[in-house]
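A.B. asks: Build me a structure from this.
(2 chains)
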Amino acid sequence: MTKTILTIDDSRTMRDMLMMALVDAGYRVIQAVDGVDGLETLAAEGADVIITDINMPRMDGFGVIEGVRADPAHRATPVLVLTTESDATKKQRARDAGATGWIVKPFDPAKLVDAVRRVAA
Amino acid sequence: MSDAVDPFEAIKVVFFQECDELLGDLETGLLAIEQGQADNETVNAVFRAVHSVKGGAGAFGLDALVRFAHVFETLLDEIRSERKPCDDVTVKTLLRASDVLADHIAAARGQGAPVDEIRSAGLVAELEALTHGEPAPALAAFVEPDPAFAPVAITMDIEADAFGFKPVAFNLADLDAPAPAADAWRIVFHPHGRMYANANETGILLRELSRLGELSVTLDVSALPDLDALDAEESYLSWTIDLTTDAGEAAIRDVFDFVETDCDLAIRPASAAAPIAEFAPVETPAEPEFDIAALLAKAQADIAAAPDPAVIVEPIAPLAPVAAKSEQPPIPTPEPATPPTASAPVATAAPAPAHAPAQPAAVTIRVDLDRVDRLINVVGELVIQQAMLAQRVIESGLARSSGISVGLEDLELLTREIQDSVMAIRAQPVKSVFQRMPRLVREVGEMTGKRVRLVTAGEDTEVDKTVVERLAEPITHMLRNAIDHGLESPEERVAAGKPAEGTVRLVALHRSGRIVIEISDDGKGINRERVKGIAVSRGLIAEDAVLTDDEIDNLIFLPGFSTAETITDVSGRGVGMDVVRRSIQALGGRISISSTPGKGSTFTLSLPLTLAVLDGMVVTGAEQTLVAPLTAIVESLTPQPQDIHYVGGHDPVIRFRDQFVPLIDVALGMGFRDAPVAPEIGVAVVVETEAGTRAALLFDAIQGQRQVVIKSLETNYQPVDGVAAATILGDGRVALILDVDAIVSSSRRRSVRHETARTELKIAS
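C.D. replies: Below is the predicted model:
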């Protein structure tokens, strides 16, 4: 059973990179371009793991996490945030909002897959 | 696997495309901020643009770009979070920083000149000064001319900041551990309720630990309260895990990385741990299972609203047998290559093909330009075929109301629609060109010491891709001119009762099937006295020539004309307005000028929307059908015997608006007939060349005006003097599209005395 990863990022480059790394690792990848799109895509298609950027138009990554946790259907869906490690406060904020883990940018494909595996049931 | 392109390289291409867009967003946003039209979202968008550039650059290891973007981003973050005001000085600095960011991107892309290190370093210092309120200590390193040293200082500083190599601490621990031999570790783990709320699960953590080595797990349920007191959102269970691994402490801590603040965790070498008395915790195995069932029942009954299965059910189920058989390695170490999950039976599932869902933002596809061009070509053929069909039907004498005629009219409408749609595929907003201009304006403003505000409008106006690409240079040149020659210095402006800051407007709009670009300034206007003086001194016009204001203004388009007294960096690049005019005319366009002294000047470009079709006048000469581009045509007239004169007895000229212009028999010049005919029996089409010289082309008759599909003669045959291209007419015949300039200039070469004659006659008239 292939796991589905929902990636939410407003940067096409980042979406492409995530797609490449995750597809190579055997995941199915669905994409969304911002937080609002992400929650809509999640509602429509579901996902086993969500990877979200923080800085996005319309709804940022914190909004995504809060939205996911507020939805009884997805409150236990792991959410990884893409972040730069210097953002210690942001990491804490993400954790407070309910993030399951984080991926440090720029990410190394192996580490990305590692992080996904570490939260995927 | 037909795709031989390295996917990483392909993404890099996308990255640079994205950078272009982001730079555009950045510029737009900053200008909005500068003009006080910004809201919070604008500032956020500006921040995101730089942030995204940095993110992508990091992924591709473009260190110089990352470093610059980071400093830029840091200041923007301060502004975004309202810790720093965004005053005028700051905005100007940000704008210049966006220019340098563009330089860094171009350099990373392998395009453009290498980044001006001094300028870049200067801006880094300015950005840091604005961020911290004082010059950064690294300033000295930045201005250090030796490029080998400066980056070092930056690297250390910023990279540590950007990516925070916090794992250093782990590495030290790693070094401390006697790495080679497998070690025994004792891990005591008590998750908090928060850990489950964030969708982390003990079961998964144990699975990950099991990948490191041999594992034995003991569940401690002693903290479990009575059912009545149980809070389903709380966490009462603890685990004691004995792990034998050669992976080291850092790897173990990595497993708990996401949950370290949401649990009580102790990791000790087993030797340091207390003697393992509770090695086989006999009191628990049977009991918990009972308890679990009861818990589950109660949870489902009492907390029907939202039972959290993660808390109660999941961790226990896989663990019960583990605890029971704690002396054996309970979970087999999965082979490292197993990708996403440790559950062996399903781990071999084949990778699913990438699934790209529809995106709600503008849905676009990228298509090879060749394919579009091929389509355009075929549609061109279709247009021709349709015209041929229509002509045949007419020739066959069918009644206009017949079914075939009506069907043909519908076909014609459809054909036109297809043609428009296909052309629209190549259409692009002029935004990509307009976006580059604010930077140019800033730079020219700085160089000339003039204060300029650029106002743009109509960026979304669409035009053929090729036309867009070729617009950049003329617009660049005209904007430079507008600032360098058009605008006065701030002092002069104030003295003239104008605001110190000059305004340059760049506007695009569609007008009757063409795109019109206007470049206007509110400067001093064209100094006609001076222009005329220069033209006389260069021998371009006679000293006593009487010219209208318009004619004087148009002198600046003459080759070799330049009003710049001293060649400056800005506009004296050996490129005059004649070059601009030629490049516009090469696109089938026209350029005109209007100027009011003291008020400013406006240059207007009028261009076709596409280069694939051309508005032409279909004419005949010696039974040959020819097409004259409409853009070159001024007027057509029937020659009257009294208006025709012969210079030196053989070169005919014709009176046109009180001037005499040479009359050129095109059919004769091209060898379609051997002897001249009497001009009175034909029609004269007055044309204007790129250089502004006029001539009358003599044809037998005018058939009409029509859009023709351009077919390159060079591609299909070879270049022919006097012929720009060819087209296929409705009757299937090939018609040559005339190169008006070449015809006029070759006729001039034949008539050596022409120039003198023209001047004499003009004065005489």
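
A.B. asks: Please count neighbours and contacts with C-alpha atoms only from this point.
C.D. replies: Noted.

A.B. asks: in chain A, what residue is nearest chain B?
C.D. replies: residue A:26 (3.8 Å; Cα to the nearest Cα).

A.B. asks: Helix, strand, or coil at that residue?
C.D. replies: Look at residue A:26: counting by DSSP: H, G, I helix; E, B strand; the rest coil, its state is coil.

A.B. asks: My guess is it contacts residue A:2. True?
C.D. replies: Yes. With contacts counted by Cα atoms under 8 Å, residue A:26 reaches residue A:2, the gap being 7.3 Å.

A.B. asks: Please identify which of these two sits among more neighbours.
C.D. replies: residue A:26 (22 against 18; other Cα atoms under 10 Å in any protein chain shown).

A.B. asks: Now that one: phi and psi?
C.D. replies: Residue A:26 adopts backbone torsions of phi 100, psi 10, taken as degrees, to the nearest 10.

A.B. asks: Who are the contact partners of the residue positioned nearest the centre of chain A?
C.D. replies: By Cα atoms, centre = their mean, the mean C-alpha position of chain A lies nearest to residue A:51, the distance being 1.0 Å. Applying Cα atoms under 8 Å, 6 or more residues apart in numbering or on different chains to residue A:51 gives the contacts A:5-8, A:79-82.

A.B. asks: Now do the helices in the stretch 501-650 of chain B.
C.D. replies: Ranges of helices within the stretch 501-650 of chain B are B:528-537, B:549-554, B:577-586, based on DSSP state H, counting those that start in this stretch.

A.B. asks: how deep is residue B:28 tucked in, by neighbour count?
C.D. replies: By other Cα under 10 Å, 17 other residues sit near residue B:28.

A.B. asks: which element is it on?
C.D. replies: Per DSSP states H and E, residue B:28 falls inside helix B:7-34.

A.B. asks: Just grab the bridge partners of the residue nearest to the centre of chain A for me.
C.D. replies: residue A:7, residue A:80 (DSSP bridges).

A.B. asks: Tell me how far it lies from residue A:28.
C.D. replies: Taking Cα to Cα, to the nearest Å as the measure, residue A:51 falls 13 Å from residue A:28.

A.B. asks: Any chance you could list residues touching both of the two?
C.D. replies: Common neighbours of residue A:51 and residue A:28, using Cα under 8 Å, 6+ apart, are residue A:5.

A.B. asks: Low-confidence ranges, the stretch 301-450 of chain B, go.
C.D. replies: Applying pLDDT under 70 to the stretch 301-450 of chain B picks out residues B:301-363, B:399-401.

A.B. asks: what do you get for chain A?
C.D. replies: Chain A contains residues with pLDDT under 70 at A:85-87.

A.B. asks: in it, which spans are strands?
C.D. replies: Taking DSSP state E to define them, one finds strands in chain A at A:4-8, A:28-32, A:49-52, A:79-83, A:101-104.

A.B. asks: cool, and the stretch 501-650 of chain B?
C.D. replies: Secondary structure of the stretch 501-650 of chain B (DSSP state E, counting those that start in this stretch): strands located at B:502-511, B:514-521, B:590-596, B:600-608, B:613-621, B:624-629, B:633-637, B:644-647.

A.B. asks: before we move on, back to that, can you spell out which helices and strands pack onto the helix holding residue B:28?
C.D. replies: helix A:12-24, helix B:40-59, helix B:88-109 (3 or more Cα pairs under 8 Å, 6 or more residues apart in numbering or on different chains; DSSP states H and E).

A.B. asks: list the buried ones in that helix?
C.D. replies: Across helix B:7-34, burial judged by 16 or more other Cα atoms under 10 Å in any protein chain shown covers B:11-12, B:14-16, B:18-20, B:22-31, B:33-34.

A.B. asks: looking at the strands of chain A, which is closest to residue B:629?
C.D. replies: Among the strands of chain A, the nearest to residue B:629 by Cα to Cα is strand A:28-32 (49.6 Å).

A.B. asks: close to chain B, is that closest one?
C.D. replies: Yes. Against chain B, strand A:28-32 shows contacts by Cα under 8 Å from any Cα of the partner chain at A:28-32.

A.B. asks: Listing partners with orientation, what would you give for that strand?
C.D. replies: Paired strands of strand A:28-32, with direction, are strand A:4-8 (parallel) (DSSP bridges).

A.B. asks: May I have the strand it pairs with as CSV, with CA atoms only?
C.D. replies: What follows is strand A:4-8, C-alpha atoms only, in CSV (Å, rounded to 0.1, in the frame of the first residue of the first chain):
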residue,chain,number,x,y,z
THR,A,4,0.3,9.4,0.0
ILE,A,5,2.2,12.5,0.9
LEU,A,6,0.6,15.9,0.6
THR,A,7,3.1,18.7,0.0
ILE,A,8,2.0,22.3,0.5
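
A.B. asks: Strand A:79-83 and that strand, what's the angle between them?
C.D. replies: Interaxial angle of strand A:4-8 relative to strand A:79-83 (axes from the mean of the first three to the mean of the last three Cα atoms, to 10 degrees): 40 degrees.

A.B. asks: Strand A:4-8 to helix A:12-24, inter-axis angle?
C.D. replies: Going by the same axes, to 10 degrees, strand A:4-8 makes 170 degrees with helix A:12-24.

A.B. asks: residues in contact with strand A:4-8?
C.D. replies: Contacts for strand A:4-8 (Cα under 8 Å, 6+ apart): A:15, A:18, A:27-35, A:38, A:42, A:46-53.

A.B. asks: same deal with stretch B:94-105?
C.D. replies: The contact list for stretch B:94-105 (Cα under 8 Å, 6+ apart) reads B:16, B:19, B:23, B:26-27, B:30-31, B:64-65, B:68-69, B:72, B:112-115, B:119-120, B:123, B:127, B:439.

A.B. asks: tell me which residues in the helix or strand containing residue B:703 are buried?
C.D. replies: Per DSSP H and E: residue B:703 is located in strand B:701-709. For strand B:701-709, the neighbour count (16+ other Cα under 10 Å) marks B:701-702, B:708-709 as buried.

A.B. asks: would CSV of the residues you listed with distance to chain A be doable?
C.D. replies: Shown next, in CSV, are these (distance: Cα to the nearest Cα, whole Å):
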residue, distance to chain A
B:701, 58
B:702, 55
B:708, 41
B:709, 38
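
A.B. asks: how many neighbours does the residue nearest to residue B:448 when sequence neighbours are not counted have?
C.D. replies: If you skip the residues right next to it in sequence, residue B:448 has residue B:484 as its closest partner in space, 6.7 Å away by Cα to Cα, 6 or more residues apart in numbering or on different chains. Neighbour count for residue B:484, taken as other Cα under 10 Å: 23.
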